[in-house]
Structure formats: structure tokens, C-alpha cells
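J.: next comes the sequence, and after it the predicted model I'd like to discuss.
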Amino acid sequence: MTATTEPQSTRRHTALPKARTLVEALPWLTRHHGRTVVIKFGGNAMVDESLKAAFAQDVVFLRQAGLKPVVVHGGGPQISAHLDRLGLESEFKAGLRVTTPEAMDAVRMVLAGQVQRELVGLLNQHGPLAVGLTGEDAHLMAATQHYAHVDGERVDIGRVGEVTGIDPGIVRTLLDDGRIPVISSIAHSADADDAGGVFNVNADTAAAALAVALGAETLMVLTDVEGLYADWPHSDDVISRLTASELEELLPELASGMVPKMEGCLHAVRGGVTTARVIDGRVQHSILLEIFTDEGIGTMVVPDPEGQQ
Ligand SMILES: Nc1ncnc2c1ncn2[C@@H]1O[C@H](COP(=O)(O)OP(=O)(O)O)[C@@H](O)[C@H]1O
Ligand SMILES: CC(=O)N[C@@H](CCC(=O)OP(=O)(O)O)C(=O)O
């Protein structure tokens, strides 16, 4: 056998940048240790296989680094594609899907049976970590019917849910057991006369409600744009940081896709979450960049300074 040798100095030299990267992450590792991070993975950010695999690596990395990641996933485009295959049209009002009972069955099947299963599978390639559930499981998320408001009119959009309560017990149990909960945004009906009913909840709204109920440190929303554009669609200047009050002022000007996201961020920081961020899910390892470096990308919403509302 011929042994391969390399001069000691070369080996040390090539390893050094890796060690530096690890050491640079130390303050962030210390700061975030034991903290809960709710990550919303949008259907539009799930565009290719390598991105999904990198997403799974990042989430597992957080878990192995001592954080408690909770994944809430979307799947709007996947639901629309399925409805299309069934010959059913997708209609949105005020950014929310008009959800007939027939569409509700498809929403539940695609989110819990397809998108969630795929994410659980990708995470579990790294070990027996991920457990999938919906808001129906152990009554995690309760909702009543949500009506949309279009041009000042109250519109019935079917089985769309307004979150009325979160019982985070099952998620806490999973986190304490070292698991990664992967949650589909379907809620059980809170109405006694609709027992057994289910509602379609926007995934951004569900993620924000969960972040508040879990006392999460961070809500991270991965989507298919760089962050919140100041003057969308006319310019691609991203707002990098804004306070809750600044965001509140901006909300009426926002267009549909961003509305539930930014409302969710506002709800989260007003509910005690330290930062809510909208980041570009199309950038590989954007979660790691956001948590462990100064080179965070996207938009960060922070609470108002003390004494200012
Ligand atoms: N001010 C804004 N800044 C960025 N994106 C915006 C803005 N207003 C509307 N949008 C739209 O919102 C979309 C993201 O929302 P959505 O399509 O629901 O994504 P996801 O599937 O990730 O939840 C963007 O692709 C963009 O088209
Ligand atoms: C009520 C409502 O609109 N629900 C969404 C749920 C999925 C979702 O929010 O997915 P994204 O995050 O990928 O947009 C829908 O049916 O499309």
C-alpha cells in the first residue's frame, strides 16, 4: 500500500478558513442556543430540488446547533396545480384562496399528504428528527370562518380560517424530545356546531400565530423575493429593517402576496417575538446566513423602541 502524504503546512493552511468560519459563528451560537425559531417555507420558494435539500440541511443544522426549529410550510402553487388537474379554478380574494368544501379536501390532501410529507422526508434523511402534523392534531390550531373584505364589503370565501387559538402543547413535547415539528396550516373548527370541520389557514398567518404561542425568538418567512420592496413593483430597493409602527403605517399600501406575510410579522413582534424576518428562499442556505452571520439578507421587523408605540 502506498500512503498519500501532504506537507503539514499545506494541510494546516487549507483547514484554517473552515475553522475561522466556525469560530465566527460562536457568538450567534451562544446567543440563539435553546431558542425557538419558527420558519415559514413558502410554496413559491420550494422551486427546485437543490433548494429544498439545502433548506432541510439548514433546519437540521439549527437543531444540531442547539436551537429549536419549527417548520410551517405553505404550498399555494402546489394546491393550485392540483386543483387545475381536477379541472377546478383557483380564485383568490384579498390574497386568500376561495375555499369551497371540494377545494378544502384538495388543500388538505396537498398540504398534509404531499408537501408536508416531502419536507419530512428531506429532513429525515439526516436522522429520525422530523414529525409532520396539522393544526388538527392534538387541537394545535383552532379557527372560525374568516370573511374577506373587498372594497369595504364583507365577502364569504368559504372554508378559510381565522385563527382563534393555539394549544402549543404537542409542539413543545416534540421540541423537548429533540424533534423538528413540520406543520401544515390547517386548523380544526372552534365552533361546536361545526365539530370535525376543518379550515384552510394562510400559512404566513399560521406561522405567526405559532411563533407567538411558542414564545419564539424569531419568525423567519422564506419567500420568492429578496424581502419587502419599498416600492414594489417599480423598484427592487429592499427595506432592510423597520419597526412595528413603521410597518403598521406601510400595511395599507401593500399588495396581496405580501399582506399576510407582513401582517404576520407585525402580529409576531407585537406578540413578543424578538425579530420577524422575510428572506429570499431562492438563495441557498439563506437561513444559516440569517441566523449565524452579520450578512443577513432580506427584511427585519423589530418591536418599537421601549415607550414608543
Ligand atoms: N412590497 C412587496 N415586496 C415584495 N414582494 C411583494 C410586494 N408586494 C407584493 N409582493 C408579491 O408577493 C409575493 C410573495 O407572496 P406569495 O406569492 O404569497 O409567496 P409565498 O408562496 O412565499 O407565500 C412576491 O413574489 C411578490 O410578487
Ligand atoms: C387561505 C389560503 O389562501 N390558504 C393558502 C394555504 C397555503 C399557503 O399559504 O401557501 P403559500 O405560503 O405558499 O402561499 C392556500 O390555499 O393557498
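T.: Received it, and whenever you're ready, just let me know what you need. Numbers count the residues shown, from 1 in each chain. Ligands and ions are numbered 1, 2, ... in the order given.
J.: isn't A203 right up against I39?
T.: No - using Cβ atoms under 8 Å, A203 is not in contact with I39, being 11.3 Å away. Every residue, glycine included, has its C-beta placed from N, CA and C.
J.: find residues that contact each of the two.
T.: V72 (Cβ atoms under 8 Å, 6 or more residues apart in numbering).
J.: in contact with whichever residue of the stretch 151-300 of the chain sits closest to ligand 2, which residues?
T.: Nearest to ligand 2, among the residues of the stretch 151-300 of the chain, is A203, at 3.4 Å (Cβ to the nearest ligand atom). Residues near A203 by Cβ under 8 Å, 6+ apart: 40, 42-43, 72-76, 185.
J.: which among those are in contact with ligand 1?
T.: With Cβ under 6 Å from any ligand atom as the criterion, these include 42-43, 74, 76 near ligand 1.
J.: my read: G74 touches R97, true?
T.: No - between G74 and R97 there is no contact under Cβ under 8 Å: 11.2 Å.
J.: okay, the ones next to ligand 1 among the contacts of A203 in JSON lines with secondary structure, pLDDT and neighbour count next?
T.: Below are the ones next to ligand 1 among the contacts of A203 laid out as JSON lines (DSSP: H, G, I helix; E, B strand; the rest coil; pLDDT from 0 to 100; neighbours: other Cβ atoms under 10 Å):
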{"residue": "G42", "secondary structure": "coil", "pLDDT": "91", "neighbour count": "24"}
{"residue": "G43", "secondary structure": "helix", "pLDDT": "83", "neighbour count": "22"}
{"residue": "G74", "secondary structure": "coil", "pLDDT": "95", "neighbour count": "26"}
{"residue": "G76", "secondary structure": "helix", "pLDDT": "96", "neighbour count": "20"}
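J.: spatially, what comes nearest to the residue of the stretch 51-200 of the chain found nearest ligand 2 if we skip its sequence neighbours?
T.: When distances are taken as Cβ to the nearest ligand atom, the stretch 51-200 of the chain reaches nearest to ligand 2 at G74, 2.1 Å away. Closest residue to G74 apart from its sequence neighbours, by Cβ to Cβ, 6 or more residues apart in numbering: A203 at 3.7 Å.
J.: against ligand 1, how distant is that neighbour?
T.: Distance, A203 to ligand 1, using Cβ to the nearest ligand atom, to the nearest Å: 7 Å.
J.: for K261, same thing?
T.: K261 sits 6 Å away from ligand 1, going by Cβ to the nearest ligand atom.
J.: assign a three-state SS to that residue, would you?
T.: helix (DSSP: H, G, I helix; E, B strand; the rest coil).
J.: so what's it up against?
T.: Contact partners of K261, counting by Cβ under 8 Å, 6+ apart, are 204, 221, 223, 278.
J.: out of those, which is most surrounded?
T.: Ranked by the number of neighbours (other Cβ atoms under 10 Å), those place V221 first, at 32 neighbours.
J.: many thanks, we can stop here.
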